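Asker: have a look; sequence and predicted model below, questions after that.
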Amino acid sequence: MRIASLVTMVITFLIAIGITFLSSFSSIKLGMKKFNPEEVTKAKKIIETSEKIITELKAEGKDTTSLEANIIETKKLVDSVPSSFSITLSKMISIITILLAIGMFFLTFKKDPKLTKLIIAVLVSSLFLVLITPHFDNGKYGAASAKTTALVGTCFMLITSLCAFVSYKLYLKKQ
């Protein structure tokens with residue numbers, strides 16, 4: 001039983017590391033190709049200018065309902081672009097999760113008692129990665145969303161952690 005859990009752990013570990021790496025670098029990179037920070041700043045300035053013009057037109061008594069609807073829609077689109085800080089933080093948490101998972105992987109084979117604490121750390125960092133990763137809609141035929149790949153990676157990290165825990169508990173039971 002212990003060997004089966006170790007084999008399952010190795011397979012899911014490799015998949016989890018690959019997907020976590022993918023979510024932090026490839027998917028975010030693909031998503032950010034759409035959003036140039038300079039263009040977002042220009043769009044915000046244009047929205048501010050347009051709002052001032054709409055205010056002036058309202059003061060003159062002109063109908064601006066269609067313009068206001070367009071401005072609100074554009075504002076929502078610009079506000080949905082994630083900040084560079086959230087992207088950097090997501091990459092950092094991803095690297096931390098990968099390093100913790102590698103540590104968990106080696107401690108499983110060393111049968112170290114610190115393994116349970118490391119399993120909890122891997123799970124917490126994986127869950128935090130899912131929460132912090134920005135969502136990019138990468139199109140109908142493009143790559144999956146970074147948030148979706150982070151969620152799938154977290155599922156595989158959960159299976160890896162569970163297998164490591166079971167393997168360690170079976171080792172303790174055997175002694």
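Answerer: Sure, I can see it.
Asker: so what does the host helix or strand of S94 touch, helix or strand wise?
Answerer: Using DSSP states H and E, the element containing S94 is helix 84-110. Contacts defined by 3 or more CB pairs under 8 Å, 6 or more residues apart in numbering; DSSP states H and E place helix 84-110 against helix 2-21, helix 27-32, helix 115-132, helix 146-174. Where C-beta positions appear, they are placed from N, C-alpha and C, glycine not excepted.
Asker: now it against helix 146-174, angle please.
Answerer: Put simply, helix 84-110 runs at 20 degrees to helix 146-174, going by axes from the mean of the first three to the mean of the last three CA atoms, to 10 degrees.
Asker: relative orientation of helix 84-110 and helix 115-132 in degrees?
Answerer: 160 degrees.
Asker: still on that earlier bit, using a markdown table, lay out the helices and strands packed on helix 84-110 together with mean neighbour count, mean pLDDT and distance to K52.
Answerer: Listed next are these as a markdown table, based on neighbours: other CB atoms under 10 Å; pLDDT from 0 to 100; distance: least, CB to CB, whole Å:
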| stretch | mean neighbour count | mean pLDDT | distance to K52 |
| --- | --- | --- | --- |
| helix 2-21 | 18 | 86 | 45 |
| helix 27-32 | 20 | 59 | 30 |
| helix 115-132 | 19 | 91 | 35 |
| helix 146-174 | 20 | 88 | 35 |
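Asker: so what's L129 closest to, chain neighbours aside?
Answerer: Leaving out its chain neighbours, the residue that sits closest to L129 by CB to CB, 6 or more residues apart in numbering is I93, at 4.8 Å.
Asker: ok so, going back, which one of the helices and strands packed on helix 84-110 lies closest to T55?
Answerer: Nearest to T55, of all the helices and strands packed on helix 84-110, is helix 27-32, at 33.5 Å by CB to CB.
Asker: now render the helices and strands packed on helix 84-110 as TSV, adding distance to I72.
Answerer: Shown next, in TSV, are the helices and strands packed on helix 84-110 (distance: least, CB to CB, whole Å):
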stretch	distance to I72
helix 2-21	37
helix 27-32	24
helix 115-132	28
helix 146-174	25
